[in-house]
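Asks: Below: sequence and its predicted model.
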Amino acid sequence: MHSYVEGVRARGKTVGLVPTMGALHAGHMSLVRASQAECDETVATIFVNPTQFAPHEDLNKYPRTFSADLEKLAEHGVAAVFAPTNEEIYPAEFSTYVEPPEVSRSLEGDCRPGHFRGVATIVLKLFNVAPADVAFFGQKDFQQSLVIRHMVKDLNVPITIRVCPIVRESDGLAMSSRNVYLSSEERGRALALSRALNVAKGMVDQGERNISKLETAMRDELLTGGVTTIEYACVVDAESLASLAAVDGTAVALIAARVGSTRLIDNCLLT
């Protein structure tokens with residue numbers, strides 16, 4: 001993969017990288033299209049990274065649809081796919097990990113200790129394996145995109161990071177590989193996440209700036225919609241994730257909640 005990417009760049013062409021964990025959906029394909037619009041060639045990775053899952057999380061049942069994923073990537077004109085084994089990425093003697101940046105500490109960092117250590121490590125490894133010009137990530141994993149951007153800046157990694165908009169189902173549910181876990185009843189309740197974000201956005205559009213009122217309205221909408229296991233529903237600074245007293249500039253509304261046994265996240269920028 002390294003030789004392939006370097007060979008393309010040696011011919012004066014640009015390479016876009018789309019890192020994935022497989023179970024590809026339209027959101028992933030939007031990243032492929034964004035890469036193709038900006039770069040001469042697009043490559044992808046498929047790797048379900050074990051180091052970003054806690055022991056109690058869904059590593060073993062995470063959806064794996066490798067053959068279908070390859071077909072989708074081929075249909076969309078992806079030039080090459082890197083799909084390593086666990087042993088290739090983490091051989092027996094492996095012991096080096098990336099300490100993630102400060103922006104990883106809160107929210108997902110609190111709920112999933114060690115998660116961003118695994119994310120930062122695998123992403124840096126993939127950037128070394130496939131030294132592309134630009135890498136494409138989705139906004140749905142908002143904090144993850146911040147972690148990667150800060151890591152790239154702090155460690156002088158010569159790659160540009162593009163964060164692409166969330167792709168949603170027609171009813172507003174943010175596309176996610178984990179949506180397949182939801183029963184039909186749970187899927188209906190899951191729509192409360194996007195509704196809660198829309199409530200916050202509507203309030204800001206109408207002039208509301210008070211963070212406490214926005215967060216209360218989001219939680220009320222989640223509870224009304226039958227989402228009772230809320231890990232966080234907050235409005236914070238969109239660049240640092242620091243707490244705010246009022247919306248001033250660009251903020252982001254972030255939600256993590258469980259619907260049944262499925263953990264879902266969603267977000268919306270507020271300006």
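Replies: Thanks, I have the structure now. These figures come from a predicted structure and were not determined experimentally. Residues are numbered from 1 along each chain as shown.
Asks: Grab the nearest non-local neighbour of the residue most central in space within the chain.
Replies: Nearest to the geometric centre of the chain sits D141, at 2.6 Å (C-alpha atoms, centre = their mean). In space, and not counting its chain neighbours, D141 is closest to I265: 7.2 Å by C-beta to C-beta, 6 or more residues apart in numbering. Backbone N, C-alpha and C define where each C-beta goes, glycine included.
Asks: what does R168 give?
Replies: That would be A174: by C-beta to C-beta, 6+ apart, it lies 5.5 Å from R168.
Asks: ok, back up a step: test my guess that the residue nearest to D141 contacts K140.
Replies: Yes - counting by C-beta atoms under 8 Å, I265 does reach K140; the two are 6.8 Å apart.
Asks: looking just at contacts, which helices and strands does the longest helix along the chain meet?
Replies: For the chain, the helix with the greatest residue count under DSSP state H is helix 184-205. Contacts defined by 3 or more C-beta pairs under 8 Å, 6 or more residues apart in numbering; DSSP states H and E place helix 184-205 against helix 211-224, strand 251-259, strand 262-270.
Asks: related to what we said a few turns ago, may I have the beta-bridge partners of the residue nearest to D141?
Replies: In this entry, I265 is beta-bridged to A256, by DSSP bridges.
Asks: That one: how many residues sit nearby?
Replies: Around I265 there are 22 other residues, counting by other C-beta atoms under 10 Å.
Asks: And for G12?
Replies: By the criterion of other C-beta under 10 Å, G12 has 7 neighbours.
Asks: Pull out the buried residues from the helix or strand hosting C234.
Replies: Using DSSP states H and E, C234 sits within strand 229-237. Under the neighbour-count criterion of 16 or more other C-beta atoms under 10 Å, strand 229-237 has I230, E231, Y232, A233, C234, V235, V236 buried.
Asks: And stretch 257-266, by the same measure?
Replies: For stretch 257-266, by 16+ other C-beta under 10 Å, it's A257, V259, T262, R263, L264, I265, D266.
Asks: Farthest-apart pair in the residues you listed, please.
Replies: The distance between the two most remote of those (C-beta to C-beta) is 12.7 Å, for T262 and D266.
Asks: hang on, the earlier thing: show me how far the longest helix of the chain is from its chain's centre.
Replies: Centroid separation for helix 184-205 versus its chain: 19 Å, with C-alpha atoms, centre = their mean, to the nearest Å.
Asks: Touching, the residue nearest to R168 and P165? I think so.
Replies: No - counting by C-beta under 8 Å, A174 does not reach P165; the two are 10.6 Å apart.
Asks: Helices along the chain, start to end?
Replies: According to DSSP H, the helices that the chain contains are 2-10, 26-38, 66-75, 86-89, 108-111, 115-129, 142-154, 184-205, 211-224.
Asks: Out of these, the one nearest D58 is which?
Replies: Evaluated with C-beta to C-beta, the helices of the chain place helix 115-129 nearest to D58, the distance being 12.6 Å.
Asks: Residues contacting that closest one, please?
Replies: 1-2, 17, 19, 45, 47, 49-54, 82, 89, 96-101, 104, 108-109, 135, 143-144, 147-148, 151-152, 155, 157, 159 (C-beta atoms under 8 Å, 6 or more residues apart in numbering).
Asks: From R64, how far out is D40?
Replies: Using C-beta to C-beta, to the nearest Å, D40 is found at 30 Å from R64.
Asks: repeat for E231
Replies: 26 Å.
Asks: wait, doesn't V252 sit right on K140?
Replies: No - assessed by C-beta under 8 Å, V252 is found out of contact with K140, at 11.9 Å.
Asks: Okay then, goodbye and thanks.
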